[in-house]
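Novice: Provided below for reference: sequence and predicted model.
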Amino acid sequence: DAGVTQSPTHLIKTRGQHVTLRCSPISGHKSVSWYQQVLGQGPQFIFQYYEKEERGRGNFPDRFSARQFPNYSSELNVNALLLGDSALYLCASSPRGWDEQFFGPGTRLTVL
Amino acid sequence: AQSVTQLDSQVPVFEEAPVELRCNYSSSVSVYLFWYVQYPNQGLQLLLKYLSGSTLVESINGFEAEFNKSQTSFHLRKPSVHISDTAEYFCAVETSGSRLTFGEGTQLTVNP
């Protein structure tokens, strides 16, 4: 079975731009979570979605938003990019939202 | 709020030596505890988890961790490490829902 997939793998943006990151969960998983991992630090929770509804939100500004589609895939959007948004963005899926999470390979975002 | 402290940012060891990666957590409620491993340019892989029951949990590749409630610790150990164990290791705690709070990570480097 395919694991969690994320696209793109890398991208470079400039300050003030907008970015959309995509995640496809493992087949049958209904929950998707997003994490930000700044270089040298542990991942920080951004959002969790279950059955297309937001179940949790971390301490991130409103420039960060996300949604989950009927096929359970998800998008993370970041507006007005700042240099500090440069990070590895990880997506994780789980069957029911409260059980083991499986992580994707991440999207490396560089903001110049 | 829960927090996780990984007491060592870097741990260099020689091949076949024992290793312990230390993790302490702070939480006022029952927790689920996890160790994840991250190889360079990859996402997170679950190494082992404590949900309930026996306080000693083991992984398939020789790692083990012991949940100590009185000391709020969940240290990771391996009696004999291999070069291939070189990676970043993250301790994480989950309380409500499936939101994970991670430590800052410990870089384990196994030298020949």
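Specialist: Structure received.
Novice: how many neighbours does whichever residue of chain A sits closest to chain B have?
Specialist: Of all residues in chain A, the one sitting closest to chain B is A:Gly42 (3.4 Å; CB to the nearest CB). The way it works is simple: take the backbone N, C-alpha and C, and place the C-beta from them, glycine included. Look at A:Gly42: counted by other CB atoms under 10 Å in any protein chain shown, it has 22 neighbours.
Novice: what pairs with the residue nearest to it when sequence neighbours are not counted across the strands?
Specialist: The shortest distance from A:Gly42 to any non-neighbouring residue, by CB to CB, 6 or more residues apart in numbering or on different chains, is to B:Phe102 (3.4 Å). Counting by DSSP bridges, B:Phe102 is bridged to B:Ala92.
Novice: wait, A:Gly97 sits on A:Tyr50?
Specialist: Yes. Using CB atoms under 8 Å, A:Gly97 makes contact with A:Tyr50 at a distance of 3.9 Å.
Novice: and for A:Lys52, the neighbour number?
Specialist: By other CB under 10 Å, 14 other residues sit near A:Lys52.
Novice: any idea what the residue lying closest to it once chain neighbours are set aside is bridged to?
Specialist: Excluding the flanking residues, the one nearest A:Lys52 by CB to CB, 6+ apart is A:Gln68, at 4.7 Å. For A:Gln68, the beta-bridge partners under DSSP bridges are A:Ser74.
Novice: A:Gln68: how many residues sit nearby?
Specialist: Neighbour tally, A:Gln68, other CB under 10 Å: 23.
Novice: cool, A:Glu54 as well?
Specialist: Neighbours around A:Glu54, by other CB under 10 Å: 13.
Novice: can you classify it by secondary structure?
Specialist: When classified by DSSP: H, G, I helix; E, B strand; the rest coil, A:Glu54 comes out as strand.
Novice: same check on B:Ala65?
Specialist: strand.
Novice: would you agree it is in contact with B:Tyr50?
Specialist: Yes. Between B:Ala65 and B:Tyr50 there is a contact at 6.9 Å, judged by CB under 8 Å.
Novice: low-confidence stretches in the chain?
Specialist: I'll assume chain A. Along chain A, the parts satisfying pLDDT under 70 run over A:1.
Novice: actually chain B
Specialist: In chain B, residues with pLDDT under 70: B:95-97.
Novice: quick one: the strands in chain B?
Specialist: Counting by DSSP state E, chain B has these strands, from start to end: B:3-6, B:10-14, B:19-21, B:23-26, B:32-38, B:44-50, B:56-58, B:64-68, B:73-78, B:87-94, B:100-102, B:106-111.
Novice: how about the residues of chain B that lie near chain A?
Specialist: B:4, B:36, B:42-46, B:49, B:90, B:92, B:97-105 (CB under 8 Å from any CB of the partner chain).
Novice: overlap in contacts of A:Gly97 and A:Tyr50?
Specialist: Residues touching both A:Gly97 and A:Tyr50 (CB atoms under 8 Å, 6 or more residues apart in numbering or on different chains): A:Lys30, A:Ser31.
Novice: tell me which residue is most central in chain A.
Specialist: The centre of chain A sits closest to A:Trp34, judged by CA atoms, centre = their mean, with a distance of 3.4 Å.
Novice: for that one, helix, strand, or coil?
Specialist: A:Trp34 ends up strand, using three-state DSSP.
Novice: quickly list what it is bridged to.
Specialist: Taking DSSP bridges as the rule, A:Trp34 bridges to A:Phe47, A:Cys91.
Novice: quick check: the gap between it and B:Ser70.
Specialist: Note on A:Trp34: its distance to B:Ser70, by CB to CB, to the nearest Å, is 35 Å.
Novice: cool, thanks, signing off.
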